[in-house]
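# sequence first, then the predicted structure:
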Amino acid sequence: MQEIRLHGRGGQGLVKASHLVVKTAVETGHYGQFIPFFGVERKGSPVFGFLRLSEEPIRRKTQIYTPDVLVILDDSLLRLPATCAGLKEGGTVIINSVHDRAGLELPPQAGKVAAVDATGIAQRRIGRSIPNTAMLGALARVTGLVDRAALFENIAAGFGEANRDAAAEAFDAVRIL
């Protein structure tokens, strides 16, 4: 089982994107679970959620305290200690950022670090700075945990062709730092 913790801001589409990942996992014969964690936060407030993907049924229904993967939709969230707390030794960090590794405040236990300008891609492709679908493209490429074709098909069906194109561009543009 892979445990992924996602961090973003209200209005960035973290919840909807996570539901698409679970839908794709289930449709391709795997198991998926998403537990959002937010309250009455307003647009722009930090939000996070917990995503599990597995080949076996998922019985755990708790928050994820030691994630294998962190997906961060806004690099300014690195300044909050809770964002990277508990990342497993050698864990993967996928971040929406134009910076290189030296320009990011990453935890020392981070192994693979990948960055993509998901906001820039979203701005070009959909005309709005909502990085969720672009980050899904990066997640698919960096982790290989979800089938690319099935994910892109679900993005197109749920969000439209422009969002699918944003995910495809991010899939190709994500950089391993």
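Done, it's in.

# could I get the average pLDDT for stretch 152-168?
Average pLDDT, stretch 152-168: 97.

# quick check: end-to-end length of stretch 66-86?
Chord length of stretch 66-86, first to last residue, is 5 Å (C-alpha to C-alpha, to the nearest Å).

# what's the average pLDDT for stretch 14-29?
pLDDT averaged over stretch 14-29 gives 94.

# in stretch 159-177, what's buried?
159, 162-171, 173-174, 177 (16 or more other C-beta atoms under 10 Å). (C-beta placed from N, C-alpha, C; glycine too.)

# three-state assignment of the residue nearest the centre of the chain?
Nearest to the mean C-alpha position of the chain, counting by C-alpha atoms, centre = their mean, stands residue 71 at 3.9 Å. At residue 71 the chain is in strand, as set by DSSP: H, G, I helix; E, B strand; the rest coil.

# so what's residue 152 up against?
Residues in contact with residue 152 (C-beta atoms under 8 Å, 6 or more residues apart in numbering) are 137, 164, 167, 168.

# would you mind giving the residues you listed as a markdown table with distance to residue 149 added?
Formatted as a markdown table, those follow (distance: C-beta to C-beta, whole Å):
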| residue | distance to residue 149 |
| --- | --- |
| 137 | 12 |
| 164 | 11 |
| 167 | 11 |
| 168 | 11 |
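
# still on that earlier bit, mind checking which of the buried residues of stretch 159-177 are in helices?
159, 162, 163, 164, 165, 166, 167, 168, 169, 170, 171, 173 (DSSP state H).

# closest to residue 123 out of those?
residue 166 (9.4 Å; C-beta to C-beta).

# wait, doesn't the closest one sit right on residue 137?
Yes: taking contacts as C-beta atoms under 8 Å, residue 166 lies within contact range of residue 137: 7.1 Å.

# thought residue 119 was touching residue 129?
Yes: contact criterion C-beta under 8 Å: residue 119 and residue 129 qualify, at 4.9 Å.

# more neighbours: which of those two?
residue 119 (21 against 13; other C-beta atoms under 10 Å).

# give me the number of residues near residue 107?
17.

# for this structure, which segments count as helices?
14-27, 81-84, 118-126, 132-143, 148-159, 161-173.

# other SSEs contacting the first one?
Based on contacts counted as 3 or more C-beta pairs under 8 Å, 6 or more residues apart in numbering; DSSP states H and E, the elements that helix 14-27 packs against are strand 2-9, strand 31-37, strand 46-54, helix 132-143, helix 148-159.

# much appreciated, bye for now.
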